[in-house]
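S.K.: No letters, just coordinates:
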């Protein structure tokens with residue numbers, strides 16, 4: 001039962017994270033592109049602040065639940081006399097998941113702070129540059145998230 005609950009939390013966290021990246025990149029960004037820089041940057045700072053709070057929880061929750069599920073499977077195999085060899089799909093999922101969390105932390109604690117300072121100082125060109133960097137890294141994270149989903153769904157084991 002605990003495993004099922006943690007796996008559900010794991011998947012829901014990833015849905016929030018990847019779904020939010022898709023929404024912001026493909027729907028919100030194009031819609032606000034027509035706004036004047038001051039309005040656009042203030043709006044994006046506010047929206048991203050809320051989204052990044054949710055992603056901070058989701059990313060750490062997905063990391064913690066993933067580690068717990070891996071540890072549980074490994075422990076059960078070892079306790080039953082077997083040996084644990086992590087499947088390739090799990091290895092890829094884990095490695096890319098850790099990379100995604102690291103990228104998000106950079107976005108949240110470096111680039112988003114840079115955007116916040118620019119918005120507070122009404123430095124719109126600097127804010128635009130920070131937002132462009134956030135967009136680039138979100139695109140990379142979205143790509144990695146899609147690769148993780150494909151690997152997981154294809155269940156590559158070789």
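M.R.: Looks like it came in fine. What you are looking at is a predicted structure, and each value in this text was computed from that prediction instead of being measured. Residues are numbered from 1 along each chain as shown.

S.K.: name the element the residue nearest the centre of the chain belongs to?
M.R.: For the chain, the residue nearest the mean C-alpha position is residue 17 (5.0 Å; CA atoms, centre = their mean). In the assignment (DSSP states H and E), residue 17 maps to helix 2-23.

S.K.: for residue 122, same thing?
M.R.: Going by DSSP H and E, residue 122 is not part of any helix or strand.

S.K.: Which residue, other than its chain neighbours, is closest to it?
M.R.: Once flanking residues are discounted, residue 122 sits nearest to residue 38: 7.0 Å by CB to CB, 6 or more residues apart in numbering. Heads up, the C-betas are built off the backbone N, CA and C, glycines and all.

S.K.: How many neighbouring residues does the one you found have?
M.R.: Applying other CB atoms under 10 Å, we find 12 other residues in the vicinity of residue 38.

S.K.: same thing with residue 44?
M.R.: 24.

S.K.: sorry, back to before: the helix or strand that contains the residue nearest to residue 122 vs helix 2-23, what angle?
M.R.: For residue 38, the host element (DSSP H and E) is helix 37-79. Interaxial angle, helix 37-79 versus helix 2-23 (axes from the mean of the first three to the mean of the last three CA atoms, to 10 degrees): 150 degrees.

S.K.: picking up where we left off before, now for the residue nearest to the centre of the chain: which residues touch it?
M.R.: Residues near residue 17 by CB atoms under 8 Å, 6 or more residues apart in numbering: 55, 58-59, 62, 145.
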